[in-house]
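J.: Sequence first, then the predicted structure, then my questions.
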Amino acid sequence: MPTTLDTSRRERTINLGAGPSSLPTPVLLEAAQGIVDFGGSGMGLTELSHRSATFQRVLSAAEADLRSLLAVPDDYAVLFMQGGGTEQFSATALNLLAAHAVAHPDYVAQHPAGPPCDYAVSGSWTAKAMSEAKRLGANARAVFDARKLPGADGRFGAIPPVAEWQLSAAEEKPAMLYYCDNETVDGVEYASPGFPIAELPQAYRESVPLVADCSSNILSRPIDVAAHAIVFFGAQKNVGPAGVTVVIVRRSLIAEHPDKGVAHGGPRIPTTLVYKQHADNGSLYNTPPMFAIYASGLVFADLLRNRGGVTGAASRADMKSGAVYDVIASSNGLFQPTVRQADVRSRMNICFRVCGADGAPSEARETAFVARCKEAGIEQVKGHRSVGGIRTSLYNAVTPEQTLVLVDVMKAFVKEMQEQK
């Protein structure tokens, strides 16, 4: 049995999978050592008590570095939870409906349907979040559904101007406005600098809690945490291994226990989904995903100290995605982006079809393109099963140099297809 780690194959492989995704090799090597012997303790990180002073230092360091990276204000709690972003579909709705019931105890008696929960449905994940809220009994409304826009043909691929959104009236006291900053499946991302908060009506903006799912583009560009009630993200795209979900929540929303709202029509929330429970216990209410937190903390530290922080990541993301989109634009129709609206094409998940001479998507050519990528050491570029085509995911750990390998493969494929005519 080998006692050293062989990274030679890893150095020849470019992982462009959509998640779980690539992580920096130095981080993985340090994390691997920590599994065997953490900090010279003679015990692996996963063998330590989660309530030990040693793990508390790991947890505290991860939180401190994340706060530095995102400029998280002191009046926000940082929670390390489990269940992935999907569990937050439930948790966000339940916690904010509970907070609403506590703040407005007579509301449900006067409005039996409950307060509106607004959703900006820009892609598959927001659609699923809204569906879950409805399943839980929330009065969920779509302020827009990109599948129903003119020319959409039932597909995601555009975001309408805020002036065209059907927001609930501020007087209705909506419990939240929920959006997904980057839709991983569909390759739709709010145009830089991000979600158009300043364009929301002032009364709405100042009174309705804003919820952001940033699971697939967190730490790739700045986000104004203070303008949000909740920012959450699953780790397995830009942060760490699957297992931990980070929730950043305004403390004033969780000052009271949600059970106080039950008598006023609020939901009774499962204990492990109660944000206040996790905040009051420092993310240690039950055994947390220790290794995922540890590895994520290493990524935070590496980005903060060695890679220029979020500003550096944003610059690299623009360069990497720009290089790929330039090839798509100059391919004479061989590569066709699936996102119709150019300014909302994702920097993280670039989705496109490979087309035949007739301009229609060609599965044969897409299979050939995947094969050319594999020959160059590029893995996991097939599109999501619900969309098809090609999806190249350029998360933070993907280097500019690796991206240029993809660019070269794309250019060579364009030439190869031209020569076949």
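T.: Cool, got the structure.

J.: is it true that His104 touches Lys173?
T.: Yes. The pair His104 / Lys173 is scored as a contact, 6.1 Å apart, by CB atoms under 8 Å. Glycine gets a C-beta too; all of them are placed from N, C-alpha and C.

J.: hey, what's in contact with both of the two?
T.: Taking CB atoms under 8 Å, 6 or more residues apart in numbering as the criterion, His104 and Lys173 both touch Pro115.

J.: Using neighbour counts, pick out the buried residues of stretch 50-70.
T.: Using 16 or more other CB atoms under 10 Å as the test for burial, stretch 50-70 gives 50, 55, 58-59, 61-67, 69-70.

J.: In the record's domain split, what are the boundaries for this protein?
T.: Listed domain ranges for the chain are 54-300, 309-419 (source: automatic domain parsing).

J.: Nearest to Thr25, out of those?
T.: For Thr25, the closest of those is domain 309-419, at 8.7 Å, according to CB to CB.

J.: three-state assignment of Pro174?
T.: coil (DSSP: H, G, I helix; E, B strand; the rest coil).

J.: Now it: phi and psi?
T.: Reported as degrees, to the nearest 10, the phi and psi values for Pro174 are phi -60, psi 150.

J.: Surely it and Pro115 touch.
T.: Yes. In this structure, Pro174 is within contact of Pro115 by CB under 8 Å, at 5.8 Å.

J.: hang on, the earlier thing: will you turn the domains of the chain into CSV that also has distance to Val27 and mean pLDDT?
T.: Below are those laid out as CSV (distance: least, CB to CB, whole Å; pLDDT from 0 to 100):
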stretch, distance to Val27, mean pLDDT
domain 54-300, 5, 98
domain 309-419, 8, 97
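
J.: Pick the most buried one from these.
T.: Of all these, domain 54-300 carries the top mean neighbour count, a mean of 20, counting by mean count of other CB atoms under 10 Å.

J.: Okay, helices next: where are they in the stretch 101-250 of the chain?
T.: In the stretch 101-250 of the chain, the segments counted as helices under DSSP state H, counting those that start in this stretch are 107-110, 124-135, 202-207.

J.: Pipe those helices into CSV and attach distance to Thr311 per row.
T.: Below are the helices of the stretch 101-250 of the chain laid out as CSV (distance: least, CB to CB, whole Å):
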stretch, distance to Thr311
helix 107-110, 42
helix 124-135, 26
helix 202-207, 26
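
J.: out of those, nearest to Arg372?
T.: The closest of these to Arg372 is helix 124-135. By CB to CB, the value is 27.9 Å.

J.: ranges for the strands of the stretch 301-421 of the chain?
T.: Listed in chain order, the strands of the stretch 301-421 of the chain (DSSP state E, counting those that start in this stretch) span 335-337, 349-354, 378-379, 390-393.
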